[in-house]
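> structure for the following, please:
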Amino acid sequence: MLHYSIILEDMIKLNRAIVVVLLYSSSQIVCDAILSQQNQAYGDLVNQRPMQDDTSALRSDDGLTDSRPF
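Predicted coordinates for the structure are as follows:
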């Protein structure tokens, strides 16, 4: 009977270890998925930025285009 209780204790320890590894693995998968979505959302946000035209550097404070050369 003592032999079975030792085996049972070892099985419980093994099951606990398996549960810990599975929880860690699943949390890593969830964190990776969240980071991936955040990176994709950031990339979408950056790609939706309006492009600045080349004449923006030539504009004066009043919004009129300055035709003087540099």
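> the protein: helices as residue ranges?
2-47 (DSSP state H).
> any regions of this structure where pLDDT drops low?
Residues of the chain meeting the criterion pLDDT under 70: 1-2, 49-70.
> redo that, cut-off 80
Scanning the chain for pLDDT under 80 picks out 1-4, 44-70.
> and S26, how many neighbours does it have?
10 (other CB atoms under 10 Å). No exception for glycine: its C-beta is placed from N, CA and C like everyone else's.
> show me the contacts for it.
Residues near S26 by CB atoms under 8 Å, 6 or more residues apart in numbering: none.
> I'd like to know how far it sits from N39.
Applying CB to CB, to the nearest Å, the value for S26 to N39 is 20 Å.
> got it, and I6?
I6 is 49 Å from N39, by CB to CB.
> what's the local residue count around S5?
The burial count for S5: 9, using other CB under 10 Å.
> actually, I12.
I12 has 10 nearby residues by other CB under 10 Å.
> how near is it to I18?
11 Å.
> and I6, by the same measure?
Relative to I18, and taking CB to CB, I6 is found at 19 Å.
> ok, Q38 next?
Taken as CB to CB, the span from Q38 to I18 is 31 Å.
> and if you look at D44?
Taking CB to CB, one finds D44 at 39 Å from I18.
> same check on S25?
10 Å.
> how about Y24?
From Y24 to I18 the distance is 11 Å (CB to CB).
> what is in contact with these two at once?
With CB under 8 Å, 6+ apart, Y24 and I18 have no common neighbours.
> how many neighbours does V19 have?
Using other CB under 10 Å, the number of residues around V19 comes to 10.
> residue numbering should commence at 402 henceforth.
Understood, numbering begins at 402; the last thing we discussed is V420.
> tell me the contacts of it?
Counting by CB under 8 Å, 6+ apart, V420 makes contact with nothing.
> and the gap between it and N440?
30 Å.
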